[in-house]
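[1] Quick one: sequence and predicted model below, then my questions.
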Amino acid sequence: MQGILPYLISALLYVAMTVYFWRLHWSAAAVTPVASHRAIERAGVLAALGGHAAVLFGTMLAGNALRIGVGDAISAILWLTVLIYWLGGLFYRLEGLQALIMPVAAVAAFLPALLPESRPLPNTELLAFKLHVLISMLAYSLFTIASLHVLLMAMLERRLHQGALPAGLQKLPPLLTMETLLFRIIWAGFIMLSLTLASGVVFSEELFGKAARLNHKTIFGILSWFVFGALLFGRHFHGWRGRVAVRWTLTGSLMLVLAYLGSKFVVEVLLGRG
């Protein structure tokens, strides 16, 4: 029971912030936030991040060895996602958007307890390996944000066309502002993904003890890179937006999931080879 308690506390902190964000920004009784509300939000999310970081540190670095199972990977990606939202909230009005990621983070905080990883990764003492893992996690986190962001934009656009906008959605930034932010996120994610693929190829021998191979992970990673590259090209030269951006963003994100998390889930959970 004691082993479950840190995960439970971390998840409950996110749940508490979900309720707070929802009541303040999305409910029918939502009010206009003031400085004290934003201070509480920042402090509350920071506390949830701190609890989640402690859980990840205890599971991924147990015994002075790095372990990254599918539960740890998803949990770390969502931790970085919340952190990016928290940092972005210092420059943009993202309160309404953060309400959507908190319940997902609550589930993710509990995943390492449900899907533990027992086998440590090799070569974790190498700086190149640490940078490769960090950059890849950042890429996944940024594209997670982009996927949630584009889905929310699609919902907002549909409601605007219907002429009925709920109180919560009225507090979101304008569509053009959200679209500008979306492509900034995709650009940052595309750069991180490019560095991930490049470091994986150039340092494959050092990182993984073997030359780079064209396996399903590499193929889906490259396909995702092409999808996001094509989206950014279409945006710059042809002004792509709206439903086109939704389809391309979700397609690229799905390929990333298949590239890494999908393969880990099959191997570790379905085949039991953790």
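    Received the coordinates, thanks.
[2] alpha carbons only for contacts and neighbour counts from here, please
    Noted.
[3] What are the buried residues along the strand or helix carrying residue 252?
    Using DSSP states H and E, residue 252 maps to helix 242-256. Buried residues in helix 242-256, counted by 16 or more other CA atoms under 10 Å: 245, 246, 248, 249, 250, 251, 252, 253, 254, 255, 256.
[4] Report how many residues lie close to residue 17.
    23 (other CA atoms under 10 Å).
[5] Give me the mean pLDDT for the helix or strand harbouring it.
    Assigned by DSSP H and E, residue 17 belongs to helix 5-21. Mean pLDDT, helix 5-21: 89.
[6] That one packs against which elements?
    helix 35-60, helix 95-114 (3 or more CA pairs under 8 Å, 6 or more residues apart in numbering; DSSP states H and E).
[7] From the contact counts, what lies against the first one?
    Translated: helix 35-60. For helix 35-60, the packing partners by 3+ CA pairs under 8 Å, 6+ apart come out as helix 5-21, helix 70-88, helix 95-114.
[8] sorry, back to before: averaged pLDDT, the helix holding residue 252. What do you get?
    Mean predicted lDDT for helix 242-256 stands at 88.
[9] Quick one: distance of that helix to the chain centre.
    15 Å (CA atoms, centre = their mean, to the nearest Å).
[10] now stretch 80-92
    On CA atoms, centre = their mean, the centre of stretch 80-92 falls 11 Å from the chain's centre.
[11] One more: stretch 84-101?
    13 Å.
[12] ditto for stretch 10-23
    Chain-centre distance of stretch 10-23: 18 Å, with CA atoms, centre = their mean.
[13] same check, this time on stretch 185-200
    14 Å.
[14] Pull the residues that contact that stretch.
    132, 135-136, 138-140, 142-143, 145-146, 207, 212, 221-222, 225, 228-229, 232 (CA atoms under 8 Å, 6 or more residues apart in numbering).
[15] Which of the three states applies to residue 68?
    Secondary structure, DSSP: H, G, I helix; E, B strand; the rest coil: residue 68 is coil.
[16] isn't it right up against residue 58?
    No: counting by CA atoms under 8 Å, residue 58 is not a contact partner of residue 68; they are 11.7 Å apart.
[17] of these two, who's got more company?
    Using other CA under 10 Å as the criterion, residue 68 and residue 58 rank with residue 68 on top: 25 against 13.
[18] Could you measure from the residue nearest to the more buried one when sequence neighbours are not counted over to residue 238?
    Excluding the flanking residues, the one nearest residue 68 by CA to CA, 6 or more residues apart in numbering is residue 60, at 5.9 Å. Applying CA to CA, to the nearest Å, the value for residue 60 to residue 238 is 44 Å.
[19] So for the two, which residue has more residues nearby?
    For residue 60 versus residue 238, neighbours defined as other CA under 10 Å are more numerous around residue 60 (22 against 10).
[20] For residue 252, which non-adjacent residue is closest in space?
    Using CA to CA, 6+ apart and skipping the chain neighbours, the partner closest in space to residue 252 is residue 224 (4.6 Å).
[21] burial count for the one you found?
    When neighbours are defined as other CA under 10 Å, residue 224 has 25 of them.
[22] residues of the lengthiest helix in the chain that come out buried?
    For the chain, the longest helix by residue count, based on DSSP state H, is helix 127-162. By 16+ other CA under 10 Å, the buried positions in helix 127-162 come out as 128-129, 132-154, 156-157.
[23] that older thread, show me what the helix holding residue 252 packs onto, helices and strands only.
    Identification of packing neighbours for helix 242-256 by 3+ CA pairs under 8 Å, 6+ apart yields helix 127-162, helix 216-238.
[24] Let's have these in JSON lines, adding mean pLDDT and distance to residue 186.
    As requested, the helices and strands packed on helix 242-256 are exported to JSON lines (pLDDT from 0 to 100; distance: least, CA to CA, whole Å):
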{"stretch": "helix 127-162", "mean pLDDT": "82", "distance to residue 186": "6"}
{"stretch": "helix 216-238", "mean pLDDT": "89", "distance to residue 186": "8"}
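[25] and residue 108, which of those helices is closest to it?
    helix 127-162 (12.7 Å; CA to CA).
[26] the domain parsing of the chain - what is it?
    Annotated domains of the chain cover 1-120, 122-274 [automatic domain parsing].
[27] where does the first one sit relative to the chain's centre, distance-wise?
    Between the centre of domain 1-120 and the centre of its host chain there is 11 Å, according to CA atoms, centre = their mean.
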